[in-house]
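[1] When you get a sec, could you give me coordinates for this:
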Amino acid sequence: IEPGERTASRPLPQEDDMEARRILALTSKKNLTCCECRGAGTTDFWNGLNRDELDIFWYELCENRIILFFDKAFKERLERLLAQQGITCEATPDLAAVTLVGHNIWNDFALVGEVRELLRDCDVVRVTHGTMHITFFMRQANEARALRLLHDRYVGKSEQQ
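    Presented below is the predicted three-dimensional model:
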């Protein structure tokens with residue numbers, strides 16, 4: 001597997017074996033920066049993201065801060081927006097996101113624990129999930145290794161069956 005943004009997938013399972021093949025794809029995104037912003041969250045802030053067409057990869061809303069993951073290509077535009085609104089931000093550059101996509105995996109805590117153990121040396125800084133995915137944010141230098149480990153464990157294993 002070559003490092004960088006890509007998707008490895010296999011054919012969708014038949015209806016009768018849907019549960020047996022729960023990992024359907026593995027994706028990654030490099031060149032991400034994480035910003036923890038205090039004082040953000042106003043309508044002006046959200047309108048500014050739309051107006052400046054800032055492509056936010058992932059965001060989390062917390063009680064008194066917003067955490068944004070975005071492609072480093074948008075860093076200057078986001079910094080300008082934050083400065084215009086007097087918002088402080090702590091940035092962490094050079095991150096990657098590696099995502100497992102599948103059925104019924106978002107609340108499979110055993111799977112999350114298993115993957116965290118598998119990626120223990122990949123410097124995972126945050127784990128997020130949606131209905132059909134679990135995303136592991138890590139230092140970009142570890143993205144290719146994480147993809148190989150996950151592919152060998154979950155995608156490649158199913159292709160051999």
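
[2] Give me the three-state assignment for L147.
    helix (DSSP: H, G, I helix; E, B strand; the rest coil).

[3] my bad, W106
    coil.

[4] list the contacts for it?
    H129, G130, T131, M132, H133, I134 (C-beta atoms under 8 Å, 6 or more residues apart in numbering). C-beta coordinates here come from the backbone N, C-alpha and C atoms, glycine included.

[5] Phi, psi for it please.
    Per-residue torsions, W106: phi -60, psi -30 (degrees, to the nearest 10).

[6] How about N142?
    Dihedral angles (degrees, to the nearest 10) for N142: phi -100, psi 0.

[7] Quick check: it touching V125?
    No - the criterion here is C-beta atoms under 8 Å, and N142 misses it with V125 at 10.3 Å.

[8] From the neighbour counts alone, determine which of the two ranks first.
    Each of N142 and V125 has its neighbours counted (other C-beta atoms under 10 Å); N142 has more, 19 against 12.

[9] and the gap between the more buried one and A97?
    N142 sits 12 Å away from A97, going by C-beta to C-beta, to the nearest Å.

[10] What of W46?
    22 Å.

[11] of these two, who's got more company?
    A97 (22 against 12).

[12] ok, then the element right after the helix or strand bottoming out on mean pLDDT in the chain?
    Scoring the helices and strands of the chain by mean pLDDT, DSSP states H and E places strand 6-9 at the bottom, with a mean of 50. Next helix or strand after strand 6-9 toward the C-terminus (DSSP states H and E): strand 23-38.

[13] ok, the closest residue to G130 other than its chain neighbours to K72 distance?
    Closest residue to G130 apart from its sequence neighbours, by C-beta to C-beta, 6 or more residues apart in numbering: W106 at 6.4 Å. Per C-beta to C-beta, W106 is found 28 Å from K72.

[14] same deal with D152?
    Relative to K72, D152 is positioned 29 Å away (C-beta to C-beta).

[15] Which one of those two is surrounded by more residues?
    Shown here are D152 and K72; by other C-beta under 10 Å, K72 has more neighbours (16 against 12).

[16] residue ranges of the helices in this structure, please?
    Taking DSSP state H to define them, one finds helices in the chain at 43-51, 75-84, 109-118, 143-150, 156-160.

[17] Can you tell me which of the ones you listed is packed in deepest?
    Of all these, helix 143-150 has the most neighbours on average by mean count of other C-beta atoms under 10 Å, namely a mean of 20.
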